[in-house]
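Novice: pasting a predicted model and its sequence here:
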Amino acid sequence: MIAIRNLSKSYKTPKGAVTALDNINLEIQKGDIFGIIGFSGAGKSTLIRCLNRLEEPDQGDIEIEGRLITQCTPAELQQARQKIGMIFQHFNLFDSKTVFQNVAFPLKVAGHPEANIQRRVREILELVQLQDKEKAYPFQLSGGQKQRVGIARALVNEPDVLLSDEATSALDPQTTYSILELLKEINRELNLTIVLITHELDVLQHICRNMAVIEHGRIVETGPVDKFFLNPESDTARRFVKIIEYYREQRIVMEGVGAGI
């Protein structure tokens, strides 16, 4: 389980302090696929980056699988991060390394024996369906394949939690669907908790079971995804639902025009 208690984060700017997170309280159950949605600047990426302390919170506690991440020493945090995988919007791959070398990198840093690295990397490449690409370089891959490498690298240390920061935003709709299906399969096979940051309603609806809405650095709504669409409570949720209804109406109109109606 992930428990976030009274979490706050602000940034200093020339015009004064800007609050990114304001007293966040949230619980995510083990094995869930949990979505956090909000408009640009709402604080969602800051929140997910606080979970593994890529961003240092000003105050509050973060507990993951019984470990207080916010109280870890640097050495303890390095160890804890091995159990918190993260995938990024723009892949963050090493251009000069092959697919195999990119996925193996966290294991080499952690000092695993070479035989274990060889076995684990090939095992995880098969899981993400890239076993035939281990000698390829990132420039030889499509966007979807690059993201699969990012997912493989995030999974290679057998984490308890997978954090996804807008992981499909740079992908076309068909590739997005294939990546979401892969994440669902990983969740099902590994019972891995997935925390997914997005501003895409289709992503939220397709993969997430539960969700939170973040607005101006505060959680303003939580609950099952179905409730978000059927009975939105917050202003942000209502705006999102209006947007998706508008685009659905436009698509119906365009399909009618295309059919000569």
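Specialist: Good, I have the coordinates.
Novice: drop to CA atoms for contacts and neighbour counts, all remaining ones
Specialist: Noted.
Novice: quick one: residues contacting residue 62.
Specialist: By Cα atoms under 8 Å, 6 or more residues apart in numbering, the contact set of residue 62 is 2-5, 7, 51, 68-70.
Novice: between these, which has the most around it?
Specialist: Highest neighbour count within the contacts of residue 62: residue 51, with 24 neighbours (other Cα atoms under 10 Å).
Novice: tell me who's in contact with it.
Specialist: Residue 51 touches 62, 69, counting by Cα under 8 Å, 6+ apart.
Novice: check the gap between it and residue 117 for me.
Specialist: Using Cα to Cα, to the nearest Å, residue 51 is found at 27 Å from residue 117.
Novice: any idea of the pLDDT on residue 260?
Specialist: Residue 260 is assigned a predicted lDDT (pLDDT) of 56.
Novice: next one: residue 253
Specialist: pLDDT, residue 253: 50.
Novice: and if you look at the one 4 residues further on?
Specialist: You'll see residue 257 listed with a pLDDT of 51.
Novice: all strands for the stretch 1-150 of the chain, in order.
Specialist: Ranges of strands within the stretch 1-150 of the chain are 2-13, 16-28, 33-37, 59-64, 67-68, 84-88, based on DSSP state E, counting those that start in this stretch.
Novice: revised request: answer the last question for the stretch 151-261 of the chain.
Specialist: 161-165, 193-198, 210-215, 218-224.
Novice: so which elements touch the longest one?
Specialist: Put plainly, it is strand 218-224. strand 16-28, strand 210-215 (3 or more Cα pairs under 8 Å, 6 or more residues apart in numbering; DSSP states H and E).
Novice: domain ranges for the chain?
Specialist: 2-83+160-175+184-258, 96-158 (automatic domain parsing).
Novice: mind putting these into a markdown table with distance to residue 90?
Specialist: A markdown table is the format used below for these (distance: least, Cα to Cα, whole Å):
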| stretch | distance to residue 90 |
| --- | --- |
| domain 2-83+160-175+184-258 | 7 |
| domain 96-158 | 8 |
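Novice: give me the contact list for stretch 74-81.
Specialist: Outside stretch 74-81, the residues that reach it (Cα under 8 Å, 6+ apart) are 52, 69.
Novice: quick one: buried residues of that stretch?
Specialist: 77, 80-81 (16 or more other Cα atoms under 10 Å).
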